[in-house]
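Trainee: the sequence isn't on hand, but the structure is:
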């Protein structure tokens, strides 16, 4: 009789297969979760790098212009104007008046255009300081060949520069509407007036805003586009002045006593007329005019601007995608939620070369 030895099978049992599949599934899920998390972190880091780059580009350009700012004391001429950008609110009124002048009412499309100059509801520009001053920028004259330089005559080395912030379609060069298919962004513009026009039209004027008005139409041309996604621009100026501390006594020296003081004057929309903020500041060769401040205006007239702190808020790419969806009808988050989650803020202080 033949007998056969018991041979053990090398196959896996069902329980062993289930255990192996379970472990493999868990490992795959862990790897997918780690990869997804890594992609999210990479995207967040990339957005932070991009927003930092945008802010740094704008900050560096504005800093260089401020550091090269031109000012001459002892004259009644205006050298710098900074104000809350009333154009954001007044643009609609101007469009309406121009439409009425043509004998018709503004269309719905025009109304939407006016509404969109600040951005869609829930993500509007809150602070937009308009800035005009004189400087000697490094890019004041375009590159030219030696032959062109012989034929051209360049007048002066001082330029007037203006900064403006708008929500606008830079690619199609038009204002944004809720129905447009373009790519509107928060755009910061830098209008550099030529040295020749600056000398002939702007220097030596007692009303810089009136003189600059003829150059406003060039502010938003594509060549003046500086950087995108800047949703806020706040300027806080440092002013040294003589504060009157005289008493009400009979002694004249006591009445005329003064003390040197320093004050921060924000030119901003949010919290306007609070904490010393103002709506406009004009720097002349012989005085300083501040409008809408809680400070004593008479004390500030003899003040000297010594520095400025530039604060900018930049929207991330994820935030800009949300803004575009809001523009097309998506419910908007609260402004507080939007700015907390989708924006980054940057600040830089610049010393100004002004002396009175």
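Mentor: Yes, it's here. What you are looking at is a predicted structure, and each value in this text was computed from that prediction instead of being measured.

Trainee: helices and strands around the helix or strand where residue 298 lies, which ones?
Mentor: Residue 298 belongs to helix 297-300 when assigned by DSSP states H and E. For helix 297-300, the packing partners by 3 or more CB pairs under 8 Å, 6 or more residues apart in numbering; DSSP states H and E come out as strand 230-244, strand 288-291. Just so you know, the C-beta spots here come from the backbone N, C-alpha and C atoms, and that holds for glycine as well.

Trainee: and of those, who's closest to residue 76?
Mentor: Comparing the helices and strands packed on helix 297-300 against residue 76 with CB to CB, the closest turns out to be strand 288-291 (11.4 Å).

Trainee: could you give me the buried positions within the closest one?
Mentor: Of the residues in strand 288-291, those buried by neighbour count under the rule 16 or more other CB atoms under 10 Å are 288-290.

Trainee: between those, which is closest to residue 67?
Mentor: So of these, ranked by how close each gets to residue 67 (CB to CB), first place is residue 288, at 20.0 Å.

Trainee: from the buried residues of strand 288-291, pick the one nearest residue 185.
Mentor: Among the buried residues of strand 288-291, and counting by CB to CB, the member closest to residue 185 is residue 290, at 32.6 Å.

Trainee: partner residues bridging that closest one?
Mentor: Beta bridges link residue 290 to residue 281 when assigned by DSSP bridges.

Trainee: if I pick residue 204, what's in contact with it?
Mentor: Counting by CB atoms under 8 Å, 6 or more residues apart in numbering, residue 204 makes contact with residue 77.

Trainee: hang on, it in a helix?
Mentor: No - going by DSSP: H, G, I helix; E, B strand; the rest coil, the assignment for residue 204 is coil, not a helix.

Trainee: and the pLDDT for the spatially most central residue of the chain?
Mentor: The centroid of the chain falls nearest to residue 233 when counting by CA atoms, centre = their mean (3.6 Å). You'll see residue 233 listed with a pLDDT of 85.

Trainee: related to what we said a few turns ago, now render the buried residues of strand 288-291 as TSV, adding distance to residue 193 and pLDDT.
Mentor: Below are the buried residues of strand 288-291 laid out as TSV (distance: CB to CB, whole Å; pLDDT from 0 to 100):
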residue	distance to residue 193	pLDDT
288	23	88
289	23	88
290	25	85
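
Trainee: got TSV for these, with distance to residue 228 too?
Mentor: Compiled in TSV, the buried residues of strand 288-291 are given as follows (distance: CB to CB, whole Å):
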residue	distance to residue 228
288	34
289	33
290	32
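
Trainee: closest one of these to residue 38?
Mentor: residue 290 (51.9 Å).

Trainee: how close does that closest one get to residue 165?
Mentor: Separation of residue 290 from residue 165 (CB to CB, to the nearest Å): 22 Å.

Trainee: before we move on, what about residue 335?
Mentor: 17 Å.

Trainee: more crowded one of those two?
Mentor: residue 165 (26 against 13; other CB atoms under 10 Å).

Trainee: not counting residues beside it along the chain, what's closest to that one?
Mentor: residue 128 (4.3 Å; CB to CB, 6 or more residues apart in numbering).

Trainee: if I look at the one you found, how far off is residue 230?
Mentor: Where residue 230 is concerned, residue 128 sits at a distance of 9 Å (CB to CB).

Trainee: so what sits against both of these two?
Mentor: residue 165.

Trainee: counting neighbours, go ahead and name the busier of the two.
Mentor: Ranked by neighbour count (other CB under 10 Å), residue 128 and residue 230 place residue 128 first, with 28 against 25.
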